[in-house]
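Visitor: when you get a sec, could you give me coordinates for this:
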Amino acid sequence: TGVVPFMALLLLQRRPVAGRALLVTGPGCPGHGLCRSNVQEQTRRQVALLNATAQDLFSLYLKCQGEPFSSEADKLCNPGSIFFPSFRVNRTSERKEVMVAMYKLFAFLNASLGNITRDQEELNPTAKELLDRLHNTTKTTRGLISNLTCLLCKNYNIFQVDVSYGESSKGKSAFKKKQQGCQVLRKYVQVIAQVAHVLPHLSPP
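Guide: Predicted structure coming up:
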């Protein structure tokens, strides 16, 4: 549904790229039929769930990578050198601006989670709890993207969003794959907390 087929193509990219996510097909938005009646509340619940589970996912990821990641997380997982969409909005930002920023963020995250999950299936195939958490986080993220898609169309008639994606880890060493995953997840912990802080205080559209 929505952007998921588009996302699969982005895992092939090897460096940060810009793209345009087509939220719906056709010349414009299909109207109110796209959204469920409780879509705004569901969106808030999905963000709250991601925020509540992000730190545990990061901690479990570190544990499963072993040394030196378990003891040198601050150094190895510093996200300063990786691309990650900015979330430069606050409680006073226009709701439309926040929705677009959220879409860009979770489109990036969805692609990154696919990348991380693929690597962990290769590197830690017996780490069932970690793989389950990655799959569950991806499922929630895709649901959130679907809800953001309908809200952008329904409320603002936006059906295209320019998005950027991080580089793939395909072809990198096991160490680099582990490091890129921990950098992305550490930044995710920080940014999802910002989203969870802003979203409940937005005025209705």
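
Visitor: quick check: closest non-adjacent residue to residue 147.
Guide: The spatially closest residue to residue 147, leaving aside those adjacent along the chain, is residue 43, at 4.6 Å (CB to CB, 6 or more residues apart in numbering). Glycine gets a C-beta too; all of them are placed from N, C-alpha and C.

Visitor: did I read that right, that neighbour in a helix?
Guide: Yes: the assignment for residue 43 (DSSP: H, G, I helix; E, B strand; the rest coil) places it in a helix.

Visitor: quick check: the gap between it and residue 99.
Guide: The span separating residue 43 from residue 99 equals 9 Å under the rule CB to CB, to the nearest Å.

Visitor: show me which helix or strand of the protein is least confident by mean pLDDT.
Guide: For the chain, using mean pLDDT, DSSP states H and E, the weakest element among its helices and strands is helix 4-10, scoring a mean of 33.

Visitor: residue boundaries of the strands in this structure?
Guide: 17-22, 160-165 (DSSP state E).

Visitor: least reliable of these by average pLDDT, please.
Guide: Least confidently modelled of the strands of the chain is strand 17-22, at a mean of 46 by mean pLDDT.

Visitor: where in the chain is pLDDT low?
Guide: Across the chain, the stretches falling below the confidence threshold (pLDDT under 70) are 1-34, 203-205.

Visitor: recalculate using a threshold of 90.
Guide: Across the chain, residues meeting the criterion (pLDDT under 90) sit at 1-40, 70, 80-96, 150-151, 153-168, 170, 199-205.

Visitor: next, name the residue at the spatial heart of it.
Guide: In the chain, the C-alpha nearest the mean C-alpha coordinate belongs to residue 109, at 2.2 Å (CA atoms, centre = their mean).

Visitor: how close does the residue nearest to that residue when sequence neighbours are not counted sit to residue 78?
Guide: Leaving aside its chain neighbours, residue 109 sits nearest to residue 141 (5.6 Å; criterion: CB to CB, 6+ apart). Going from residue 141 to residue 78 by CB to CB gives 23 Å.

Visitor: okay, those two: which has more neighbours?
Guide: residue 141 (24 against 14; other CB atoms under 10 Å).

Visitor: quick one: contacts for the more buried one?
Guide: The neighbourhood of residue 141, defined by CB atoms under 8 Å, 6 or more residues apart in numbering, consists of 50, 106, 109-110, 113.

Visitor: show me where this protein has its helices.
Guide: In the chain, the helices defined using DSSP state H lie at 4-10, 39-65, 73-76, 95-123, 128-156, 174-198.
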